[in-house]
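Novice: Build me a model from this:
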Amino acid sequence: MHWAVILAGGSGTRFWPLSTPSRPKHLIPLAGSLPTAAQAVRAVEPLIPRERMLVVTGAALADLLPTVTGLPRSSILVEPRAASTGPALVWATLEAHRRDPDALVLSLHADWHLGDGEAFRATARAALEAAARYDALVTTGIVPSRAEPGYGHLVPGDALGPGVRRVARFVEKPKPAAARKLMDEGALWNSGLFAWTARRLTEEIRQHTPEVASALPKLEAGDVAGFFQEVTPISIDVGLLERSGRVACVSGDFPWDDIGSWSALARIGEPDARGNLTEGPVHVVASHDCIAWSDSLPVVLTGVHDLVVVCANGRILVMPRSQAGALKDTLEALPSEVRDLA
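Specialist: Predicted coordinates for the structure are as follows:
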């Protein structure tokens, strides 16, 4: 049967000062009236029932996610420590297999914007079918809507069957000129929407990912804490997909965004006639192409353009939109008493 694994970790820095470690971006309604974690469940549910969904998260969010997603506490898998997506997905996949020996797993992230639920599910179904038919690790490539240096790309190779191709190579966050060239040549964005069986995933991990493979016996024996203590943190992309020769891809042509920074809101929201996107008590006068969010105080923008202005959790952030992707560097430069939020 089909299972879904939803990754819902995060440190709460991408949308500082609105997001915090106890309320990272997937618990905030950034792209509509619901938090993206709830939207992820709704997007998957017509394909996979809620009783076959697992959410991987940290201890700080374990009690919040059932309320946000509507899933039972038994569906929430709490990592003993954050170790990136490689160990998390191996654990969740084997847990799905423990509950259902015939589990075919679809993996996605809780913080995505998915603009067309039906098209998303059609693509997810194609990925699951390809994983079963070709006994492969399947990733979904999104047809690019723009040249995007902030995303990893994949280059499709030889066809395995209708709509399914091998992955020839991965390209991690290319420079702008290279991103345009990749787009022109038919490369796809590497979305992070994956499908596989537990057997194929663990066999490939044993062959290609020593950072995780050495700890597999503990996980298979039920020692989750020991597994996480022993593994070396590594992403599934770097640790496995870029090393394995059994990676295939299907393509998806639907609105998708990983909402990686404040500037992303302009792509997924509904700006006004002058390109301003606002939330809360924000007033904009003679300004254009600004993103402004306030959770409390009235904020007034006048005679400015291309700014991000955020008033939240007792902090005020002002930066050019072009610098939104460098927010992490900004936070590292701040004193802890300003940066750290509960």
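Novice: For the strand or helix carrying residue 91, buried residues please.
Specialist: Taking DSSP states H and E as the criterion, residue 91 maps to helix 85-99. Buried residues in helix 85-99, defined by neighbour count with 16 or more other Cβ atoms under 10 Å: 85-97. Placement of C-beta: from N, CA and C, glycine included.
Novice: will you turn these into JSON lines that also has distance to residue 38 and pLDDT?
Specialist: Conversion of those to JSON lines gives the following (distance: Cβ to Cβ, whole Å; pLDDT from 0 to 100):
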{"residue": "85", "distance to residue 38": "21", "pLDDT": "97"}
{"residue": "86", "distance to residue 38": "26", "pLDDT": "98"}
{"residue": "87", "distance to residue 38": "26", "pLDDT": "98"}
{"residue": "88", "distance to residue 38": "20", "pLDDT": "98"}
{"residue": "89", "distance to residue 38": "21", "pLDDT": "98"}
{"residue": "90", "distance to residue 38": "26", "pLDDT": "98"}
{"residue": "91", "distance to residue 38": "23", "pLDDT": "98"}
{"residue": "92", "distance to residue 38": "19", "pLDDT": "98"}
{"residue": "93", "distance to residue 38": "23", "pLDDT": "98"}
{"residue": "94", "distance to residue 38": "26", "pLDDT": "98"}
{"residue": "95", "distance to residue 38": "22", "pLDDT": "98"}
{"residue": "96", "distance to residue 38": "21", "pLDDT": "98"}
{"residue": "97", "distance to residue 38": "26", "pLDDT": "97"}
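Novice: Which single one of the residues you listed is nearest to residue 175?
Specialist: Of all the buried residues of helix 85-99, residue 175 sits closest to residue 85, with 24.4 Å by Cβ to Cβ.
Novice: List the residues that contact the closest one.
Specialist: For residue 85, the contact set (Cβ atoms under 8 Å, 6 or more residues apart in numbering) comprises 7, 192, 235-237.
Novice: Name the residue closest to the centre of the protein, please.
Specialist: residue 109 (3.7 Å; Cα atoms, centre = their mean).
Novice: how much space between the residue lying closest to that one once chain neighbours are set aside and residue 192?
Specialist: Setting aside the residues directly before and after it, residue 109 is nearest to residue 7 in space (Cβ to Cβ, 6 or more residues apart in numbering), at 5.0 Å. Per Cβ to Cβ, to the nearest Å, residue 7 is found 8 Å from residue 192.
Novice: longest helix of the protein?
Specialist: helix 117-134 (DSSP state H).
Novice: Hmm, residue 89 is touching residue 107, no?
Specialist: Yes: using Cβ atoms under 8 Å, residue 89 is in contact with residue 107, at 5.7 Å.
Novice: what's the overlap in contacts for those two?
Specialist: Joint contacts of residue 89 and residue 107 (Cβ under 8 Å, 6+ apart) are 5, 7, 194.
Novice: Next, the contact list for the last one, please.
Specialist: Right, residue 194. 89, 106-108, 127, 137-140, 236.
Novice: Out of the contacts of residue 85, grab the one that's most surrounded.
Specialist: residue 236 (25 neighbours; other Cβ atoms under 10 Å).
Novice: and that one, backbone torsions?
Specialist: Main-chain dihedrals, residue 236, degrees, to the nearest 10: phi -70, psi -30.
Novice: residues touching it, list them.
Specialist: Taking Cβ under 8 Å, 6+ apart, one finds 84-86, 89, 194 in contact with residue 236.
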